[in-house]
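> Test case, fold it:
(one chain, ligands or ions: 1)
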Amino acid sequence: MIPVTALSSYLYCPRKLFIERVLGIKIELPKEAIIKGSIRHEVYEKINKAQEELVKSIKSKDWAFIYEIYRARYIRILKKVIITNKEQLRLIETPLTDFFREIKPMIENEAEYRAMGIFDFAGRTGFLGEELWENLIPKTKPEYRISSDSLGLRGIIDELQVYENFFVPVEFKTGKMPNEGVWPGHKIQVGAYALLLEENFGVQITKAVVRYLDTNTTRDVLINPFLKEEVKSLIIRVQELLNSAEIPGFADNENKCSACDLKDVCHDKKALELKTKDLNRT
Ligand code: SF4
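Just a heads-up that it's a prediction; the model follows:
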């Protein structure tokens, strides 16, 4: 079964996917990126866990009240996680306050986004407190694992929004976003989640969402038959690549190569040929 992320990697550069997954060559990310990424992940995990308690504590439909409850709670979570990880941050020589300042805007954006959903729902329905939580639509399931034998695909959806008769998969992304729409790899990723949901639950998925966290921007992706066909054909191409012993050509765009962490290995023709020969022998 192939992971959904392999589809977007293939779209970016089949050669890169081959080097990483078939030849097993991986470049370690800089320590700083790993540590900061894992702390950020922990913050989001704790934020998700706090959701039920937070919603139940909403006793007013006032926007300022709801937003402040979210903001204050998320900032407390952020501070606690930073303190728990102080030794890790020391390893990369990052003062705790600097890291707090770096992440705080993203966490405040998250608080605003989630508070807005609750504000809308409470305003429309009049529910508050326990009743608000019990009747809340959509409820969200973080890090939702899903797979399908018939598609030969598995993945983890960052957030699954559960409505009465349908679902919306949501993918969170950091980094630059395109001027319009979403990056092709992100579109394929949410398209693949939509296919997996349709396959597992027999419902039609018409929309997915990509959230660009750095700019607090939400972009919708329409799930149409063409996108689903594209995903299916990519699954076949990725399966073929993973079973092949022939290194694909270079990426279609030089900009991709200049930003690629594998560029040195990728241009080392001899080393790659040796590795590929080993594959043919086994
Ligand atoms: S350097 Fe370019 S061709 Fe090589 S793996 Fe990276 S993106 Fe692909």
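> from here on, contacts and neighbour counts on C-alpha atoms
OK.
> Show me what residue of the stretch 101-250 of the chain gets nearest to the ligand.
Among all residues of the stretch 101-250 of the chain, F250 sits closest to the ligand, at 3.7 Å; criterion: CA to the nearest ligand atom.
> Need the phi and psi values for that residue.
phi -70, psi 170 (degrees, to the nearest 10).
> all numbers from here: first residue = 27
Noted, 27 is the first residue going forward, which turns the last one into F276.
> I'd assumed L43 was in contact with it.
No. F276 is beyond contact range of L43, at 11.4 Å (criterion: CA atoms under 8 Å).
> any idea how far S259 is from F252?
Using CA to CA, to the nearest Å, S259 is found at 11 Å from F252.
> Which one of F276 and L43 is surrounded by more residues?
L43 (24 against 15; other CA atoms under 10 Å).
> Quick check, the more buried one in contact with L37.
No. The criterion here is CA under 8 Å, and L43 misses it with L37 at 9.2 Å.
> what helix or strand does I183 sit in?
Using DSSP states H and E, I183 maps to strand 179-188.
> Tell me the residues of the stretch 127-276 of the chain that contact the ligand?
Within reach of the ligand by CA under 6 Å from any ligand atom, the stretch 127-276 of the chain has these residues: F276.
> Find me the pLDDT at the residue of the stretch 127-276 of the chain closest to the ligand, would you?
If you check F276, the pLDDT there is 94.
> Near T302, how many other residues are there?
Close neighbours of T302, defined as other CA under 10 Å, add up to 18.
> buried residues in stretch 183-190?
Within stretch 183-190, the residues that qualify as buried are I183, D184, E185, L186, Q187, V188, counting by 16 or more other CA atoms under 10 Å.
> Over to stretch 296-308?
Residues L298, K301, T302 are the ones in stretch 296-308 that count as buried (16+ other CA under 10 Å).
> Any idea how far the top helix by length along the chain is from the middle of the chain?
Scanning the chain for the longest helix, with DSSP state H as the assignment, gives helix 122-151. Computed by CA atoms, centre = their mean, to the nearest Å, the chain-centroid distance of helix 122-151 equals 18 Å.
> and if you look at stretch 295-305?
Counting by CA atoms, centre = their mean, stretch 295-305 is centred 33 Å from the centre of its parent chain.
> One more: stretch 187-198?
That offset, for stretch 187-198, works out to 14 Å (CA atoms, centre = their mean).
> Could I get the CA-only coordinates of it as PDB?
Only the C-alpha atoms of stretch 187-198 are listed here, as PDB (Å, rounded to 0.1, in the frame of the first residue of the first chain):
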ATOM      1  CA  GLN A 187     -14.700  17.600   9.300                       C
ATOM      2  CA  VAL A 188     -17.700  15.400   9.900                       C
ATOM      3  CA  TYR A 189     -21.100  16.800   8.800                       C
ATOM      4  CA  GLU A 190     -24.400  14.900   8.900                       C
ATOM      5  CA  ASN A 191     -24.200  13.200   5.500                       C
ATOM      6  CA  PHE A 192     -20.700  14.100   4.300                       C
ATOM      7  CA  PHE A 193     -17.100  14.800   5.100                       C
ATOM      8  CA  VAL A 194     -14.600  17.500   4.300                       C
ATOM      9  CA  PRO A 195     -10.900  16.500   4.500                       C
ATOM     10  CA  VAL A 196      -8.700  19.400   5.600                       C
ATOM     11  CA  GLU A 197      -4.900  19.500   5.000                       C
ATOM     12  CA  PHE A 198      -2.700  22.000   6.900                       C
END
